[in-house]
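Participant: Let's see this in three dimensions:
(one chain, ligands or ions: 1)
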Amino acid sequence: MIYFDNSATTRPYKEVIDTYTKVSLEFFGNPSSLHPLGKAAERLLQQAREVAASLLGVKTKEVVFTSGGTEGNNLAIKGTAMQHRGRGKHIITTNVEHASTKETFRQLEGEGFEVTYLEVDSDGVVSVDQVKAALTKETILVSVIHVNNETGSIQPVTEIGGLLRQYPKIVFHVDHVQGIGKVPLHFAASNIDLCSISGHKFHGLKGNGILYVRDGIRLYPLLTGGSQERGSRAGTENVAGVAAMVKALRMSKERSAQAIKKMAEINSWLERKCLEIPGVVVNSPNPRAPHILNLSVPGIKPEVIVQALAEHEIYISTKSACASKHAEPSHVLLSMGFSSDRASSAIRLSFTYDNTMEEAEAFVEAFASVVASLKKVVNKQ
Ligand SMILES: Cc1ncc(COP(=O)(O)O)c(C=O)c1O
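Facilitator: Have a look, this model is predicted:
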C-alpha cells in the first residue's frame, strides 16, 4: 500500500494507540472527581498540558484542548466575533480557507457581520498590504490559514502578525492544522493570538486538537456547562485522547527537522516526474509546504483517477477530504486563477514522515499507466 493522503488524515503511531489504551484503562476517572481516581486523571491531564505547551513554545494556561481543527477554528472565530461584537462587526479572512473557517465566516455574515474575503494571487497567497488595506475601525478579527490544505501554499503569517502589532485590539487567528510539524511557525514571534491544530494530522487520533489561546485573549464559549478548559470549553475532558495526541506531537517534533527535508525531496522529485507524463500539470506553487503536491489531468475526472490508483493500492485525494464528495471545481484553484476545467480535475498527493522515494517511484509508474489508459478511453468517446 502507498498512502499519499496524509493531509486528509495520518495513520496513528503505534505508541499513540498504546498510550490511548493505557490511559483509558488506568486513568479512567473523571478529572473533575474529588477522589483519587479523579485526581490521578486530573494530574495526567495537567502533565499533558505542560508537555504540549513546552512543545509548542507557549504557556501551559494557553493550551485549550478541543475536538480538532474544526472546533478550534469555530471556537476561535465565533468566540472572538461574539466576544467583541460590541466593539465592531468587521472580520477578515482569505478566500482559500478550509471549509471549517469558510462556513464559519458565512454563518457570521448571516448574523450581520461584515466579512472581507482577501483574494489570493496565482500562488494562492495574500499580501500584508491587502490585509492592511482591508482594516477598518470596526475590524475585530483577522483569520488566515497557514498552509493551504489543497495546494500547500504558505501565507505570510509572520508578516501579517507583524502588521497587526500596530493594532493590538484586533485578534489574529491562524489555522495551523496543515502546518504543524511541516512548516515551522513561532506563535509569539508571529504575534498570533489564537492558533488551531488537530491531532489526527500528525499521527494522533481523530477527535483531538488544541486551540492556542494567548494569555489575556477572551473567547465567548461555544460549549457551556462545567468549567473545564478554564471556562472556554465545557465538557468532560478526553484524557486518553489528549495524552495520545501529546505523545504524537512529541514524536512528530522529534523527527520533524529531518523529515521536512525528506518530504521536500520526494515532493520536488514527484513534481518533476509527474510533469513528464503527457497531460499532467502542476497546480501547487513554488515554494510550498513540503508535504502537499496538487496536480491536474484536465479532461479526466479526478475521482476516476483516485479509484484507478486505489486498484493499485495507492491512496490519494481529490481536493481536500471533506470537499472531495462535492463535484464542484476547487474554490482554492479557481481563486488562484486556474480555469474551471483545471480546477475540476485536481488531485492531491500528501506525504508524511515515513513516505519513501521508493513509494514515489512506484507511484509515478502506476500514475503514468493510469493516465495513459484513461486518456485512451476519453479519446474513444
Ligand atoms: C487546514 C485545515 N483546517 C482545519 C481542518 C479540520 O480539522 P479536523 O479534521 O480536525 O476537524 C482541516 C482538516 O482537513 C484542515 O486541513
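Participant: and stretch 60-74, C-alpha only, in CSV?
Facilitator: What follows is stretch 60-74, C-alpha atoms only, in CSV (Å, rounded to 0.1, in the frame of the first residue of the first chain):
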residue,chain,number,x,y,z
THR,A,60,0.6,25.9,30.0
LYS,A,61,-2.5,28.0,30.6
GLU,A,62,-2.6,29.0,26.9
VAL,A,63,-3.4,25.4,25.8
VAL,A,64,-7.1,24.6,25.3
PHE,A,65,-7.9,21.0,24.4
THR,A,66,-10.6,20.7,21.6
SER,A,67,-12.0,18.0,19.5
GLY,A,68,-9.9,19.0,16.5
GLY,A,69,-9.3,21.6,13.8
THR,A,70,-12.9,22.3,13.0
GLU,A,71,-13.8,23.0,16.6
GLY,A,72,-10.6,25.1,17.1
ASN,A,73,-11.4,27.2,14.1
ASN,A,74,-15.1,27.6,15.1
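Participant: That stretch and the ligand, are they touching?
Facilitator: Yes - judged by C-beta under 6 Å from any ligand atom, stretch 60-74 comes into contact with the ligand through 68-70, 73. In this view, the C-beta of every residue, glycine as well, is placed from N, C-alpha and C.
Participant: Buried among those? Need that as a selection in ChimeraX.
Facilitator: Buried members of these, defined by 16 or more other C-beta atoms under 10 Å, are picked up in ChimeraX with:
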select :68,69,70,73
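Participant: would you turn the residues of stretch 60-74 next to the ligand into JSON lines with distance to Leu44?
Facilitator: Converted to JSON lines, these look like this (distance: C-beta to C-beta, whole Å):
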{"residue": "Gly68", "distance to Leu44": "20"}
{"residue": "Gly69", "distance to Leu44": "24"}
{"residue": "Thr70", "distance to Leu44": "25"}
{"residue": "Asn73", "distance to Leu44": "27"}
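Participant: Can you tell me which residues in the chain are near the ligand?
Facilitator: Going by C-beta under 6 Å from any ligand atom, the residues of the chain near the ligand are 68-70, 73, 98, 100, 145, 149, 175, 177-178, 198, 209, 320-321.
Participant: Check the secondary structure at Pro287 for me.
Facilitator: coil (DSSP: H, G, I helix; E, B strand; the rest coil).
Participant: quick one: the residue nearest to it when sequence neighbours are not counted from the ligand, how far?
Facilitator: Nearest residue to Pro287 in three dimensions, chain neighbours excluded: Ile154, at 7.1 Å (C-beta to C-beta, 6 or more residues apart in numbering). Distance of Ile154 to the ligand, given as C-beta to the nearest ligand atom, to the nearest Å: 12 Å.
Participant: what element comes up after the host helix or strand of Val246 heading to the C-terminus?
Facilitator: For Val246, the element it lies in under DSSP states H and E is helix 239-275. Sequence-wise, the next helix or strand downstream of helix 239-275 (DSSP H and E) is strand 281-282.
Participant: Can you show me the CA trace of the helix or strand just after that next one as CSV?
Facilitator: Using DSSP H and E, the next helix or strand after strand 281-282 towards the C-terminus is strand 292-296. What follows is strand 292-296, C-alpha atoms only, in CSV (Å, rounded to 0.1, in the frame of the first residue of the first chain):
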residue,chain,number,x,y,z
ILE,A,292,1.5,18.7,-0.5
LEU,A,293,1.5,18.4,-4.3
ASN,A,294,-1.6,19.3,-6.3
LEU,A,295,-1.8,18.2,-9.9
SER,A,296,-4.5,18.2,-12.6
